[in-house]
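> Pasting a predicted model and its sequence here:
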Amino acid sequence: MTILATSRMMFRSTHLSRALSARCANTTLPIAASTFITTTPFQTSHRCASSTCTATQVSFSQESIDTSNKQHETYVSIQQTADGRGWGLFAMQDIPQGTRVFRGRSMATTETKDSHTVQIDWNRHVMMDLPAILVNHSCNSNLGIRCNDEGAYDFFALADIPKQSELLWDYETAEYEIKNFKCSCGAQNCRGKLKGFQFNGSAVVKLYGEEFISPYLLQERKSQL
């Protein structure tokens, strides 16, 4: 299914922005671990978005990865990256711009950051299911996010994506503050160190447009203009 990108005009309405934020943040979510994900203490993480977050290592059974790949085989495959970074998501076919590539669903929600959670509102962080939890970061990503009714984000193609390309998302479109994150994504516009939308919001909005920024961040930005 292909969904064309929504006009940026829709996000110029503060009322609509708040409505989207509510839909993203107020879904009733379980405070429980997934049946196929285990978390164990671990000292460093590529997605620890705060010096106060709890770092965890998330592991998946091969069965759960195979199941996810079968469910999403139209567009997405979970594979090991060629450069040894671990798991990543890869396009299974040429994906046209505007396509909803996959949907993230919340498995757990918390008021505190975790090394594998994603921020959807102030003091609200969710752990998404497969394959969404394995999207790696890029400062020049080919995926953009929009809130969905599953308490998480849908991921859309920002441009035409060739088959076998890695699917990448810019974490600063969702995280207000990021600490201790040295980026080595390799993009020409790599920021070197991610700090979060609080510090890089103008650059992030210029790059992706408002329609692919988490609505709670846009509320803060509009209040300061």
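Perfect, I can see it now. Everything quoted here is computed from the prediction, not taken from an experiment.

> use CA for all of it now, contacts and neighbours both
Noted.

> With residue 220 as the reference, measure out to residue 198.
Between residue 198 and residue 220 the computed distance is 9 Å (C-alpha to C-alpha, to the nearest Å).

> Next up, the contacts around the spatially closest residue to residue 90 that is not a sequence neighbour.
Spatially, and ignoring its direct neighbours in sequence, residue 90 is nearest to residue 166 (4.3 Å; C-alpha to C-alpha, 6 or more residues apart in numbering). For residue 166, the contact set (C-alpha atoms under 8 Å, 6 or more residues apart in numbering) comprises 88-91.

> Which of those has the largest number of neighbours?
residue 89 (24 neighbours; other C-alpha atoms under 10 Å).

> Is that residue located within a helix, as I assumed?
No. Counting by DSSP: H, G, I helix; E, B strand; the rest coil, one finds residue 89 to be strand, located in no helix.

> Verify the contact between it and residue 163 for me.
No. With contact defined as C-alpha atoms under 8 Å, residue 89 does not count as touching residue 163 (11.5 Å).

> What ranges does the chain have for its helices?
14-25, 62-71, 197-208, 215-224 (DSSP state H).

> quick one: which of the ones you listed is nearest residue 140?
Among the helices of the chain, helix 197-208 comes nearest to residue 140, with 8.0 Å by C-alpha to C-alpha.

> Alpha carbons only: can I get the closest one in PDB?
Once non-C-alpha atoms are left out, helix 197-208 reads as follows in PDB (Å, rounded to 0.1, in the frame of the first residue of the first chain):
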ATOM      1  CA  PHE A 197      15.600  18.500  18.500                       C
ATOM      2  CA  GLN A 198      16.100  21.000  21.300                       C
ATOM      3  CA  PHE A 199      19.500  22.000  19.800                       C
ATOM      4  CA  ASN A 200      19.200  20.900  16.100                       C
ATOM      5  CA  GLY A 201      15.500  21.500  15.500                       C
ATOM      6  CA  SER A 202      15.900  24.200  12.800                       C
ATOM      7  CA  ALA A 203      18.300  22.000  10.800                       C
ATOM      8  CA  VAL A 204      16.100  19.000  11.100                       C
ATOM      9  CA  VAL A 205      13.000  20.800  10.000                       C
ATOM     10  CA  LYS A 206      14.800  22.300   7.100                       C
ATOM     11  CA  LEU A 207      16.000  18.900   6.000                       C
ATOM     12  CA  TYR A 208      12.700  16.900   6.300                       C
END
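
> tilt between that helix and helix 215-224?
Put simply, helix 197-208 runs at 100 degrees to helix 215-224, going by axes from the mean of the first three to the mean of the last three C-alpha atoms, to 10 degrees.

> how far does helix 197-208 sit from the chain's center?
Centre-to-centre, helix 197-208 and its host chain are 15 Å apart (C-alpha atoms, centre = their mean, to the nearest Å).

> same thing with stretch 108-123?
Distance, centroid of stretch 108-123 to centroid of chain: 12 Å (C-alpha atoms, centre = their mean).

> Repeat that for stretch 189-202.
Centroid separation for stretch 189-202 versus its chain: 15 Å, with C-alpha atoms, centre = their mean.
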